[in-house]
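[1] What would the 3D arrangement of this be:
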Amino acid sequence: MIPQEVIIFSAGLLPSFIWLLFYLRKDSHPEPNYLILKVFIFGVLSGFLAIFLEKGFQKGENFLGMNNLLLITFLVSGVIEEGVKFLAVKIGLYKTSEPDEPIDWILFMIISALGFAALENVLVLSNQEAITSLGALEFMLFRFVSATFLHALCSGMIGYFWILSRCKNKKAYLWLGFFLIAGLHGFYNWSIMGVEGINKFLLPIVIIMTLSLLLSLEIKHLKKLKSVCEINNPLMKASH
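    All right, here's what the predicted structure looks like:
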């Protein structure tokens with residue numbers, strides 16, 4: 001019989017590893033394995049930071065008597081979680097020559113997000129009673145197409161706004177993108193917790209499908225650019 005700890009750990013990592021392999025294949029000039037692992041681990045560690053910050057927020061929430069679920073999910077699920085994943089990339093890439101291609105900003109953000117999601121999956125599974133191998137795989141299959149995918153999509157989108165801000169030398173693009181995506185992340189969680197009926201399922205599906213389509217188009221666009229500077233070239237923009 002497989003020990004429950006092994007089941008939890010393996011099933012928790014599986015969704016992140018599958019998406020990691022999927023997105024890394026989109027890079028025609030792969031990044032060093034040690035750097036990928038480093039950013040992934042920093043993504044895992046960012047999850048612990050998020051837990052600490054969220055617990056602090058919950059204490060403040062109780063003190064202030066906040067009861068607006070939409071605002072809470074925006075601040076917790078959106079700002080805190082997307083913020084720590086972004087911070088993980090900043091620290092993980094400190095004093096390196098990477099990213100060196102436009103698409104790398106998206107990929108490193110996705111790598112961090114998948115590390116974060118791996119920890120989240122393991123913790124969620126740990127709270128399940130008497131989990132079996134089949135039950136763990138079924139549960140993780142659901143999270144593979146929902147929570148884990150959402151983390152990758154949201155952070156990838158922030159990566160796109162990040163490269164825009166660097167190319168155009170305007171931090172406003174990053175801040176705008178960050179809060180827009182943080183808002184969508186929070187809205188996704190709110191739709192799961194605060195909505196009843198068919199919309200409880202439709203809204204999350206629409207959000208994930210929309211983000212997936214946008215991120216796919218952005219990756220295709222950036223893959224055609226040979227350097228960061230090209231994104232500023234009006235002729236290049238017109239051709240895409």
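[2] Tell me the buried residues in the helix or strand hosting Trp105?
    When secondary structure is defined by DSSP states H and E, Trp105 falls within helix 102-126. Going by neighbour count (16 or more other C-beta atoms under 10 Å), the buried part of helix 102-126 is 102-122, 125. Any C-beta I mention is one placed from the backbone N, CA and C, and that applies to glycine too.
[3] list the helices and strands it packs on?
    Here helix 102-126 touches helix 4-24, helix 33-64, helix 81-92, helix 133-145, helix 147-168, helix 199-223, going by 3 or more C-beta pairs under 8 Å, 6 or more residues apart in numbering; DSSP states H and E.
[4] rerun that using 6 Å as the cut-off
    With contacts taken as 3 or more C-beta pairs under 6 Å, 6 or more residues apart in numbering; DSSP states H and E, helix 102-126 sits against helix 4-24, helix 33-64, helix 81-92, helix 147-168, helix 199-223.
[5] model confidence over the fourth one, on average?
    When pLDDT is averaged over helix 147-168, the result is 94.
[6] List of residues touching that helix?
    Counting contacts by C-beta atoms under 6 Å, 6 or more residues apart in numbering, the residues outside helix 147-168 that touch it are 15, 19, 85, 102, 105-106, 109-110, 113-114, 116-117, 171, 173-174, 177-178, 181, 185, 188, 211-212, 215, 218, 228, 231-232.
[7] what comes into contact with the helix or strand just after that helix?
    Elements were assigned by DSSP H and E; along the chain past helix 147-168, the next helix or strand is helix 171-194. Contacts with helix 171-194, where a contact means C-beta under 6 Å, 6+ apart, come from 69-70, 73-74, 77-79, 82, 150, 154, 157-158, 161-162, 164-165, 203-204, 207.
[8] Using neighbour counts, trim those to the buried set.
    Buried subset of those (neighbour count, 16+ other C-beta under 10 Å): 73-74, 77-79, 82, 150, 154, 157-158, 161-162, 164-165, 203-204, 207.
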